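Student: just the structure for this:
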Amino acid sequence: MTVIGITGPTGAGKTTVLNILRDMGGAVADCDQVYHQLLRTSAPLRDELRARFGDSVFGENGDLRRKELGAIVFEDQRALGDLNAITHRHIVAQLRRLIAQAEAENRPAIALDAIALLESGAGDLCHVTIAVTAPEDMRVERIMAREGIPERYARSRVQAQKPSSWFEARCTHTLRNGGAQAELEAAARALLRQILDKEDL
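Tutor: Numbers count the residues shown, from 1 in each chain. Model prediction:
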């Protein structure tokens, strides 16, 4: 089974690529969803967060208070590093379990979908990595349409992320999404077929 890392800036079209892999019988692990699930279900993760950041980051019902945690880590680079180290370790452990599950299901591949794939250590689990990139204006338009936010806010989000060139330089393959949806779908299907056929690993 092939483990494929899919990353790139927001609004570039990663979901399209993931959907095609699903159509080809592959499994998908969304690292953001994995993180949110772990926050609800993983006592060890919650215990580590509580030990590092205190009881104040959890509400009376036990839910993580994201704004309070954010206020701590965004003012303190060491705290942010500690948060990433804790969460990334638990996410990677869960990804290993999901990879084993996909293999037991005889899937041809599993995609790990994460904007921080390379920084988190999840990229080390992958046989190949794909950067999905697109021009900034196109990404801004997609984010505005998808989330119903004004252009100024969408553009600030885009500009706060690493540029497309950062992802392209660090991944084994790149899908540049600069045209019609059908063009990305065709390019993604061809690349994924090539990867699954082990033509270019």
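Student: relative to Val73, how far out is the residue of the chain most remote from its centre?
Tutor: When each C-alpha in the chain is compared with the mean C-alpha position (Cα atoms, centre = their mean), Glu60 comes out farthest, at 29.8 Å. Distance of Glu60 to Val73, computed by Cβ to Cβ, to the nearest Å: 22 Å. For the C-beta atoms, the positions are set from N, CA and C on the backbone; glycine is no exception.
Student: quick one: the helices in the chain?
Tutor: Per DSSP state H, the chain has helices spanning 14-23, 31-41, 43-53, 66-73, 77-104, 117-120, 136-147, 151-160, 164-170, 181-196. These are given in chain order.
Student: for the residue most central in space within the chain, give me its contacts.
Tutor: Most central residue of the chain, judged by C-alpha distance to the mean C-alpha position with Cα atoms, centre = their mean, is Ala114 at 1.1 Å. Under the criterion of Cβ atoms under 8 Å, 6 or more residues apart in numbering, the contact partners of Ala114 comprise Gly5, Ile6, Thr7, Asp30, Cys31, Asp32, Ser120, Ala122.
Student: rewinding a little: please report phi then psi for the residue farthest from the centre of the chain.
Tutor: The phi/psi pair for Glu60 (degrees, to the nearest 10) reads phi -60, psi -30.
Student: pLDDT at it, what is it?
Tutor: For Glu60, the model assigns a pLDDT of 84.
Student: roughly how far does it sit from His36?
Tutor: Using Cβ to Cβ, which is the criterion applied here, Glu60 is 20 Å from His36.
Student: where in the chain is pLDDT low?
Tutor: Within the chain, the set of residues satisfying pLDDT under 70 comprises 199-201.
Student: and for the closest residue to Ala188 other than its chain neighbours, the neighbour number?
Tutor: Of all residues not flanking Ala188 in the chain, Val17 sits nearest, at 4.5 Å (Cβ to Cβ, 6 or more residues apart in numbering). A count of nearby residues for Val17, using other Cβ atoms under 10 Å, gives 27.
Student: show me what contacts Ile130?
Tutor: Under the contact definition (Cβ under 8 Å, 6+ apart), the residues listed for Ile130 are Ile4, Gly5, Ile6, Thr7, Gly8, Val17, Cys171, Thr172, His173, Thr174, Leu175, Leu191.
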